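Visitor: Pasted the sequence and its predicted model underneath.
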There are 2 protein chains.
Amino acid sequence: MSRRKEFDMTEVLDKATDYFWQHGYEGTSIQDLVQHLGVKAQSLYNAYGGKRDLFLASLRNYVRQSTVISTLEQTASGKEAIVKVFRDLLDDLARSECKKGCFMFNTSVELAPHDPEIAEFIEKERTRSELAYYQALLRAKEQGDIPKRHSDLMALARYLHNAQGGLTVTAKTVSDPSVLEDIAKVTLSIFD
Amino acid sequence: MSRRKEFDMTEVLDKATDYFWQHGYEGTSIQDLVQHLGVKAQSLYNAYGGKRDLFLASLRNYVRQSTVISTLEQTASGKEAIVKVFRDLLDDLARSECKKGCFMFNTSVELAPHDPEIAEFIEKERTRSELAYYQALLRAKEQGDIPKRHSDLMALARYLHNAQGGLTVTAKTVSDPSVLEDIAKVTLSIFD
DNA sequence: GCATTACTTTAATGACTATTCAAGAAAAAT
DNA sequence: ATTTTTCTTGAATAGTCATTAAAGTAATGC
């Protein structure tokens, strides 16, 4: 039929995801992307539409690669699943020098209030995540790891998701890592 | 000496604070400010320096007007102080149609990772807030409202601040208000 | 080999950005 | 009343923004 692309679409999307994640939507210009992805502007427009389309594709790419839900689903012990999610999160936040936080929560702050489509996407992902927490909590209850004072597992799930998101935001300005450890410790004290 | 200003500096600063709070730094142009504050660009530059200076002044203006710390300090019962902070927060989030969240957390996400000066300012404010929580928790402990399983009050303070910030972010995409109520309820179950 | 088709490259577009220049206007000090 | 100082006004500047137009290039199907 015709000429083939000279660049790998998925590789470029990964790079775009990373750049948007780190700099946000307004903080990223097409020229920035051209420089960091090594692809000319016109190629981006041919391949993805416009800046907003590429951003949405990046968001979807991000959630597709996220490991929170799979971790919650795959670990047999419900309590251990949740503990592992928070432990992994703390490790990520400590390791990454560049305070990227969570792409989803970043976008909640930057775009959701003025972009209903993005707000809806984020809300859907949140409920998906809350459901995964809920099912891990169900398992934990069966396994005897939920104290009696907690009867509403869905509320617990929402609470865990909220704490997780808060951590990624708080991490952006925290210099002493023990702050994040304290938060995680108390958050998980629902199991005590 | 000379001519006097035709506009009220504090009134203009309040409007600027509100606009930056709602739209963020990059989402606010000088032209936007000129239109919404009713002050010409040159007057802004004369009075505040540049856009960044005005933004910093707005941030400081915001924390000066925040009621969280004073609520924590003024309520006699430590537990009731903390409960009231969260109740007020839920009321605010439910009332405000325009999902502004918390200016401080918004700025954490948008600017802190690439602006050390702003990151430092936010971190200072966070520790100030955590200290206020801590002192309320101290009172609560004396008043017998802290269960024995919680020994580290500073960790609890950090946890409460984190949950508070998370709520303001989560609120941006939440359509069902019971989500926020659930989160607050479980967050405050540390007292149960 | 040749036409077709899609990709790449370069340059241009027009709108918007923060900031400043220069001139006019008003209030206070003398 | 005049000078001085600061404010206001309107226009200009230089740069960046997302997007597209146009021309060149390479691979495929025939």
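Guide: In hand now; what should we look at? Bear in mind the structure is a predicted one, so any value in this text is a computation, not a measurement.

Visitor: does chain B sit close to the helix of greatest length in chain A?
Guide: If you go by DSSP state H, chain A has its longest helix at helix A:116-142. Yes. Against chain B, helix A:116-142 shows contacts by Cβ under 8 Å from any Cβ of the partner chain at A:Ala119, A:Glu120, A:Ile122, A:Glu123, A:Arg126. (Each C-beta comes from the backbone N, C-alpha and C, glycine too.)

Visitor: I figured the last one was touching B:Val169, is that so?
Guide: No. Checked against Cβ atoms under 8 Å, the pair A:Arg126 and B:Val169 is beyond contact range at 10.6 Å.

Visitor: Closest one of the residues of helix A:116-142 next to chain B to B:Trp21?
Guide: B:Trp21 has its nearest neighbour among these in A:Ala119, at 17.8 Å by Cβ to Cβ.

Visitor: Name the nearest residue to the closest one, sequence neighbours excluded.
Guide: Take A:Ala119 and drop its neighbours on the chain: the residue closest to it by Cβ to Cβ, 6 or more residues apart in numbering or on different chains is A:Ala112, 4.1 Å away.

Visitor: The one you found: neighbour count?
Guide: 25 (other Cβ atoms under 10 Å in any protein chain shown).

Visitor: Redo the residues of helix A:116-142 next to chain B as TSV? Include pLDDT and distance to A:Ala136.
Guide: TSV is the format used below for those (pLDDT from 0 to 100; distance: Cβ to Cβ, whole Å):
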residue	pLDDT	distance to A:Ala136
A:Ala119	96	26
A:Glu120	97	25
A:Ile122	98	21
A:Glu123	97	21
A:Arg126	98	16
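
Visitor: Pull out the buried members of those.
Guide: Buried members of these, counted by 16 or more other Cβ atoms under 10 Å in any protein chain shown: A:Ala119, A:Ile122, A:Glu123, A:Arg126.

Visitor: Can you tell me which of these is nearest DNA strand D?
Guide: Using Cβ to the nearest atom of the strand, A:Ala119 comes nearest to DNA strand D of these, at 19.5 Å.

Visitor: quick one: contacts for the closest one?
Guide: Listed by Cβ atoms under 8 Å, 6 or more residues apart in numbering or on different chains, the contact set of A:Ala119 reads A:Ser108, A:Leu111, A:Ala112, A:Pro113, B:Lys172, B:Thr173.

Visitor: Might one say that A:Ser175 is in contact with B:Glu123?
Guide: Yes. Counting by Cβ under 8 Å, A:Ser175 does reach B:Glu123; the two are 6.5 Å apart.

Visitor: just to revisit the earlier point, got the buried ones among the residues of helix A:116-142 next to chain B as a markdown table, with distance to A:Lys185 columns?
Guide: Converted to a markdown table, these look like this (distance: Cβ to Cβ, whole Å):
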| residue | distance to A:Lys185 |
| --- | --- |
| A:Ala119 | 32 |
| A:Ile122 | 28 |
| A:Glu123 | 29 |
| A:Arg126 | 24 |
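
Visitor: Would you check how far apart the spatially most central residue of chain A and DNA strand C are?
Guide: Nearest residue to the geometric centre of chain A (Cα atoms, centre = their mean): A:Cys102, 4.4 Å. Going from A:Cys102 to DNA strand C by Cβ to the nearest atom of the strand, to the nearest Å gives 27 Å.

Visitor: And for A:Thr170?
Guide: 28 Å.

Visitor: give me the number of residues near that residue?
Guide: For A:Thr170, the neighbour count with other Cβ under 10 Å is 25.

Visitor: my guess is it meets B:Thr168, correct?
Guide: No. Assessed by Cβ under 8 Å, A:Thr170 is found out of contact with B:Thr168, at 11.9 Å.

Visitor: what sits against the residue of chain A found nearest chain B?
Guide: Taking Cβ to the nearest Cβ, chain B has its nearest neighbour within chain A at A:Gly166, 2.9 Å off. A:Gly166 sits next to A:Ile183, B:Asn162, B:Ala163, B:Gly165, B:Gly166, B:Leu167, B:Val169 when contact means Cβ under 8 Å, 6+ apart.
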